[in-house]
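> Sequence first, predicted coordinates after that:
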Amino acid sequence: MVWPTRRGDETLIRTEHPAQADYLRQMLYTGDPLADAAVAEMGELGGHGRRLLLDGLRDGLDSLTDPPAAIAALLEQVESVTAAADHDELDRGSATYLTIPYFAHVVALGQGSLVNTYSAPSIAAVLLRTGKLITMAERRLNETGKWSTQTMLPGGMRRGAGGYTATVMVRILHAYVRAGALRHGWETTEWGVPINQVDQARTWLDLNYVPYRALTTMGYDFTKEELSAVYRRWRHIAQLLGVDDGFSLQVVDHASAATVSELIETAIGAPDDGCRKLVASLCEASVDMMTPALGIPATLTDDLMRAYIWLIHGPDRARELGVAPSDLLALLPLLIDNTRQNRRLQRMLPEVWREQQLANQAVIEQILTQHDAPTVYETAAAEGA
């Protein structure tokens with residue numbers, strides 16, 4: 001096997017365990033066989049195939065008459081995962097999510113998750129092919145937020161529910177992008193398969209480990225039980241997304257997530273110019289989106305968002321990504337201390353704690369109703385890509 005020169009050469013994958021190195025090499029060249037086969041089948045069947053998939057997601061595989069093999073196989077896998085889950089247990093992760101106000105989730109997602117995602121050169125290479133960086137950054141921030149929120153609302157991962165259907169749609173979108181990149185001359189020897197299992201696992205960690213670590217840094221503490229519930233829910237989501245169990249089943253808390261993240265980083269190159277372009281576009285999009293909500297000048301919003309990037313990722317990574325330092329970084333400890341104190345008081349009053357969860361849920365549900373335009377993943381599932 002030829003190793004990718006930017007991702008898999010002997011100087012990049014460094015682990016004392018040969019089995020781990022072999023696994024990473026294999027995962028660099030592995031996509032998502034079930035989703036890839038379903039997308040290929042929908043390409044042959046056209047709109048009829050896509051309608052079958054959407055009907056199956058909404059009403060179940062058993063509602064389809066003589067479904068084609070690949071679509072049936074994908075639906076059977078996601079339904080078996082869903083049927084085997086304890087959804088009351090999964091909803092404990094939702095309860096933890098709802099203890100956090102929406103603004104903090106937005107910062108953890110944008111300045112935490114997406115900045116980390118964009119720091120991977122192979123992922124940046126896929127995203128840069130679309131062009132329109134600022135428009136793409138704003139849309140990706142909105143749509144990633146919509147999807148991750150749907151997955152975390154109570155009951156959202158039951159068959160046919162919003163989080164369940166959106167997650168499988170995201171998986172289908174990845175398969176479409178993978179197929180398109182391969183058709184248009186993707187350099188497999190340089191990057192591995194587009195949106196391969198290493199990339200998928202890293203992005204999955206960017207939606208659980210990275211934002212919850214960021215939230216902790218921002219002053220939102222969690223008990224061991226609360227974090228355990230969050231990770232249980234995200235392990236379930238990983239199975240619906242098609243992330244290999246070799247990555248996801250190892251993650252049960254921050255410590256194990258950090259171990260898996262460190263292993264994945266041995267197969268990720270240092271940030272390049274493509275990464276810096278994406279992070280710059282994300283910062284600009286964040287300012288455009290957040291300034292009206294915060295009611296402060298755009299220059300101050302920019303300072304605040306850059307301060308959060310430095311706080312969450314540290315000075316070395318912030319500099320690597322071309323993010324200028326912010327004078328507001330020195331003021332964040334005051335905000336963090338205030339957040340910790342308020343959260344401590346809320347925990348002492350169960351009624352207040354529950355009221356806060358309900359209020360946060362109401363805000364999130366209201367925001368979700370404002371997303372009228374179809375997302376990229378919804379469009380891909382309905383119309384192809």
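Nice, thanks for sending it over.
> okay, CA-based contacts and neighbour counts for the rest of this
Noted.
> any idea how this protein splits into domains?
Here the domain parsing of the chain from automatic domain parsing is 18-30+85-383, 36-84.
> mean pLDDT for these: which is lowest?
Sorting the domains of the chain by mean pLDDT places domain 18-30+85-383 lowest, at a mean of 92.
> Quick check: end-to-end length of that one?
Length of domain 18-30+85-383, first residue to last, C-alpha to C-alpha, to the nearest Å: 43 Å.
> Same question for stretch 94-114.
Criterion C-alpha to C-alpha; first-to-last residue distance in stretch 94-114 is 21 Å.
> What residues of it count as buried?
Residues of stretch 94-114 classed as buried by neighbour count (16 or more other C-alpha atoms under 10 Å): 94-102, 105-114.
> after the helix or strand harbouring I367, next one along is what?
In this assignment (DSSP states H and E), I367 forms part of helix 350-369. Using DSSP H and E, the next helix or strand after helix 350-369 towards the C-terminus is helix 376-383.
> What helices and strands are in contact with that next one?
The contact analysis (3 or more C-alpha pairs under 8 Å, 6 or more residues apart in numbering; DSSP states H and E) places helix 376-383 against helix 47-59, helix 162-183.
> how about a cut-off of 6 Å?
helix 162-183 (3 or more C-alpha pairs under 6 Å, 6 or more residues apart in numbering; DSSP states H and E).
> what does the helix it packs on contact?
Taking contacts as C-alpha atoms under 6 Å, 6 or more residues apart in numbering, the residues outside helix 162-183 that touch it are 35-36, 57, 150-151, 156-157, 194, 241, 377, 380-381, 385.
> how far out from the middle of the chain is that helix?
13 Å (C-alpha atoms, centre = their mean, to the nearest Å).
> Any buried residues in that helix, and which?
Here helix 162-183 shows 162-179, 181 as buried, counting by 16+ other C-alpha under 10 Å.
> Please name the nearest non-neighbouring residue to L240.
Nearest in space to L240, with sequence neighbours left out and distances taken as C-alpha to C-alpha, 6 or more residues apart in numbering, is V78 at 5.5 Å.
> just A307 next, same as before
Leaving aside its chain neighbours, A307 sits nearest to L329 (4.7 Å; criterion: C-alpha to C-alpha, 6+ apart).
> Check the contact between that neighbour and R306; I expect there is one.
No. Judged on C-alpha atoms under 6 Å, L329 makes no contact with R306 at a distance of 8.3 Å.
> These two: who's more crowded?
R306 (22 against 17; other C-alpha atoms under 10 Å).
> dump the residue contacts of G314.
Going by C-alpha under 6 Å, 6+ apart, the list of residues near G314 is empty.
> quick one: what helix or strand has it in it?
Applying DSSP H and E, one finds G314 within helix 298-320.
> Now that helix: buried residues?
Buried, per 16+ other C-alpha under 10 Å, within helix 298-320: 298, 301-313, 317-318.
> With stretch 376-385 instead?
V376, Y377, E378, A380, A381, A382, G384, A385.
> and the gap between the closest residue to N116 other than its chain neighbours and T117?
Leaving aside its sequence neighbours, N116 sits nearest to D206 (C-alpha to C-alpha, 6+ apart; 6.8 Å). Applying C-alpha to C-alpha, the value for D206 to T117 is 7 Å.
> Who has more neighbours out of these two?
More crowded of D206 and T117, by other C-alpha under 10 Å: T117, with 24 against 21.
> leaving aside the residues next to it on the chain, what's closest to that one?
Closest to T117 by C-alpha to C-alpha, 6+ apart is T203, at 6.1 Å.
> One more: R51?
A382 (6.9 Å).
> and R6, what pLDDT?
Per-residue pLDDT puts R6 at 43.
> I'd like to know how far the closest residue to I195 other than its chain neighbours sits from T30.
Closest residue to I195 apart from its sequence neighbours, by C-alpha to C-alpha, 6+ apart: R178 at 6.2 Å. As judged by C-alpha to C-alpha, R178 and T30 stand 11 Å apart.
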